[in-house]
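> requesting a structural model of the entry that follows:
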Amino acid sequence: MNYERLEIPDLVLCEPKIHEDNRGFVFEAFKKESFNNFLGFEVNFCQDNISYSKYGVIRGLHTNTLNYAQSKLVSVLQGRILDVAVDFRVGSPNFGKFICVELDSMENKQLFIPRGFLHGFSVLSQDAIVNIKIDRYFASSESIGVRFDDKDLAINWNLRNKDIILGEGDKNLKSFKELKSPFTYKDNLY
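A predicted model of the protein is given here:
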């Protein structure tokens with residue numbers, strides 16, 4: 001597995017070494033020891049969540065409150081998405097900045113998003129199956145989020161407005177300026 005720090009260095013793109021032959025392919029999707037060695041701290045994933053979504057779906061931008069914050073390792077089992085992570089740590093030199101990465105089931109790259117970030121994705125293929133490994137169990141009452149169309153963030157989700165499909169909860173999220181971040185850059189989130 002090759003690991004690459006992105007423009008916001010806490011975000012890591014993981015690229016597997018794919019071994020192909022006439023039967024198909026195989027690759028290591030996750031190896032705890034090399035992953036944690038690269039990060040320099042330990043992440044203990046405890047749950048995998050899988051979602052199926054149709055073209056045009058946007059899920060996010062979500063995070064949890066401080067005591068329920070989650071690290072995420074996002075991969076695509078089928079299709080193609082635009083994965084988005086927004087630095088939500090007050091005092092961070094990258095606060096309010098975001099990274100967009102296309103992930104698909106052909107290259108099988110993954111995006112690691114540590115605690116303290118908002119996360120969302122849009123589906124760019126006919127449909128997509130997304131796997132998200134998390135390191136803390138989900139607590140629905142602790143979920144918070146920012147509107148996908150926040151004017152200050154101005155994220156291009158690579159979809160036409162008429163094609164966008166939102167869940168009811170995502171329609172009522174706050175703006176980036178309205179939502180007080182529970183995280184600071186100096187928090188020890190691990």
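
> where do the helices sit along this structure?
Assigned helices in the chain, in chain order: 32-39, 168-171 (criterion: DSSP state H).

> how about the CA coordinates for stretch 62-75, as PDB?
The C-alpha coordinates for stretch 62-75 follow below in PDB (Å, rounded to 0.1, in the frame of the first residue of the first chain):
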ATOM      1  CA  HIS A  62     -21.400  15.300   8.500                       C
ATOM      2  CA  THR A  63     -19.300  14.800  11.700                       C
ATOM      3  CA  ASN A  64     -20.100  14.000  15.300                       C
ATOM      4  CA  THR A  65     -19.600  16.000  18.500                       C
ATOM      5  CA  LEU A  66     -16.200  15.900  20.200                       C
ATOM      6  CA  ASN A  67     -16.600  12.800  22.400                       C
ATOM      7  CA  TYR A  68     -18.100  10.800  19.500                       C
ATOM      8  CA  ALA A  69     -15.800  12.000  16.700                       C
ATOM      9  CA  GLN A  70     -14.800   9.400  14.200                       C
ATOM     10  CA  SER A  71     -11.900   8.700  11.900                       C
ATOM     11  CA  LYS A  72     -13.000   7.300   8.600                       C
ATOM     12  CA  LEU A  73     -11.400   5.300   5.800                       C
ATOM     13  CA  VAL A  74     -13.500   5.600   2.700                       C
ATOM     14  CA  SER A  75     -13.500   3.200  -0.200                       C
END
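
> okay if I get the helices of the chain as TSV plus mean neighbour count and distance to residue 12?
Every residue, glycine included, has its C-beta placed from N, CA and C. Converted to TSV, the helices of the chain look like this (neighbours: other Cβ atoms under 10 Å; distance: least, Cβ to Cβ, whole Å):
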stretch	mean neighbour count	distance to residue 12
helix 32-39	13	7
helix 168-171	12	26
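
> of all those, which one is nearest residue 108?
Nearest to residue 108, of all the helices of the chain, is helix 32-39, at 15.1 Å by Cβ to Cβ.

> most centrally placed residue in the protein?
With distances taken as Cα atoms, centre = their mean, residue 119 lies nearest the centre of the chain, 4.5 Å away.

> that one pairs with what?
residue 62, residue 85 (DSSP bridges).

> now do the phi/psi pair for the residue lying farthest from the centre of the chain.
For the chain, the residue at maximal distance from the C-alpha centroid (Cα atoms, centre = their mean) is residue 22, at 33.1 Å. Main-chain dihedrals, residue 22, degrees, to the nearest 10: phi -70, psi -10.

> what about stretch 142-160, start to end distance?
31 Å (Cα to Cα, to the nearest Å).

> sorry, that was for stretch 56-74
18 Å.

> give me the mean pLDDT for that stretch.
Computed over stretch 56-74, the mean pLDDT rounds to 96.

> next: stretch 30-42.
For stretch 30-42, the mean per-residue pLDDT is 95.

> of all the helices of the chain, which lies closest to residue 72?
Nearest to residue 72, of the helices of the chain and by Cβ to Cβ, is helix 32-39 at 13.1 Å.
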